[in-house]
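S.K.: Sequence first, then the predicted structure:
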Amino acid sequence: MTGRGKPEGMGGEDLAATVARARAGDREAWGELYGQFAGPLFRFCRRVLPTRQDAEDASMDVFVKLKGKLGQYDPERPFSAWLYRVAANHCWDLLRRRKIRQDLETEEAETLPLKHPDPGQLDQMISEQTGSGVRQALAQISARARMALVLRYYAEMSYDEIADALGLRRAFVGVVLLRARHELREAMARTAGAAPAERLGAANAGGGK
């Protein structure tokens with residue numbers, strides 16, 4: 001997931017100038033921002049929310065919010081980080097309103113697994129999965145774990161930004177991410193193990209005709 005949230009296209013001074021024009025009410029500039037960030041924003045929402053329709057609705061809702069909040073944007077901060085923060089808050093509110101179970105993230109440290117997951121091993125497992133396989137694995141883990149992973153590895157948010165988006169104390173962000181990596185690794189192992197079994201079942205069914 002690392003780095004996939006970085007939108008391609010204008011950046012640096014060009015992006016800053018476009019944002020400034022949009023803040024001043026330039027509709028063409030707003031259209032340029034939409035053209036650059038609509039795809040990455042949808043992919044962000046799709047990784048977090050249960051269905052494609054949810055992600056489509058959320059991404060449109062977020063852009064409506066962004067347009068209304070553009071005057072609050074601090075030009076000293078990266079625009080993409082601000083955009084993902086607004087999106088994260090919106091998606092997290094949706095998940096909470098639907099009463100999806102949230103794990104208690106403030107348990108004592110001794111309840112955590114002793115072995116820290118190897119990030120390289122996790123990266124390899126992700127690279128070996130298809131995009132749908134990663135989504136299936138993400139769908140199997142808790143809502144807060146899924147959100148934390150997407151914020152950290154897709155949107156590339158800092159611990160402070162993740163804490164702000166999820167309403168956590170900064171000290172607990174590392175705990176949340178540690179658990180989330182364990183959950184994702186286990187879910188991906190299950191997903192990878194299920195795929196050959198499904199193919200075998202399909203082959204057997206075909207052979208019986």
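M.R.: Done, it's in.
S.K.: okay, now the domains of the protein?
M.R.: In terms of domains, the chain is parsed into 12-97, 109-207 (source: automatic domain parsing).
S.K.: Gly25: what secondary structure?
M.R.: Look at Gly25: counting by DSSP: H, G, I helix; E, B strand; the rest coil, its state is coil.
S.K.: do the same with the one 3 residues further on
M.R.: Recorded secondary structure, Glu28: helix (three-state DSSP).
S.K.: Could you count how many residues lie near the residue lying closest to it once chain neighbours are set aside?
M.R.: Once flanking residues are discounted, Glu28 sits nearest to Arg21: 7.7 Å by Cβ to Cβ, 6 or more residues apart in numbering. To be clear about C-beta, it is placed using only N, CA and C from the backbone, and glycine gets the same treatment. Arg21: 16 surrounding residues under other Cβ atoms under 10 Å.
S.K.: hmm, back to that, could the domains of the chain be laid out in CSV, adding mean pLDDT?
M.R.: CSV is the format used below for these (pLDDT from 0 to 100):
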stretch, mean pLDDT
domain 12-97, 88
domain 109-207, 70
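S.K.: So which elements touch the strand or helix carrying Arg146?
M.R.: If you go by DSSP states H and E, Arg146 is part of helix 143-149. Packed against helix 143-149, as judged by 3 or more Cβ pairs under 8 Å, 6 or more residues apart in numbering; DSSP states H and E, are the following elements: helix 27-48, helix 79-97, helix 131-140, helix 159-166, helix 170-207.
S.K.: Which residues outside the shortest one are in contact with it?
M.R.: So that's helix 159-166. 81, 85, 88-89, 92, 144, 147-148, 151-152, 157, 168-170, 172-174, 176-177 (Cβ atoms under 8 Å, 6 or more residues apart in numbering).
S.K.: Go again with 10 Å.
M.R.: With Cβ atoms under 10 Å, 6 or more residues apart in numbering as the contact definition, helix 159-166 has outside contacts at 77, 81-82, 84-89, 91-92, 102, 105, 144, 147-149, 151-152, 155, 157-158, 168-174, 176-177.
S.K.: Now that we have the residues you listed, which of them are buried?
M.R.: Neighbour counting with 16 or more other Cβ atoms under 10 Å marks 82, 84-89, 91-92, 105, 144, 147-149, 151-152, 155, 157, 168, 172-173, 176-177 as buried within the contacts of helix 159-166.
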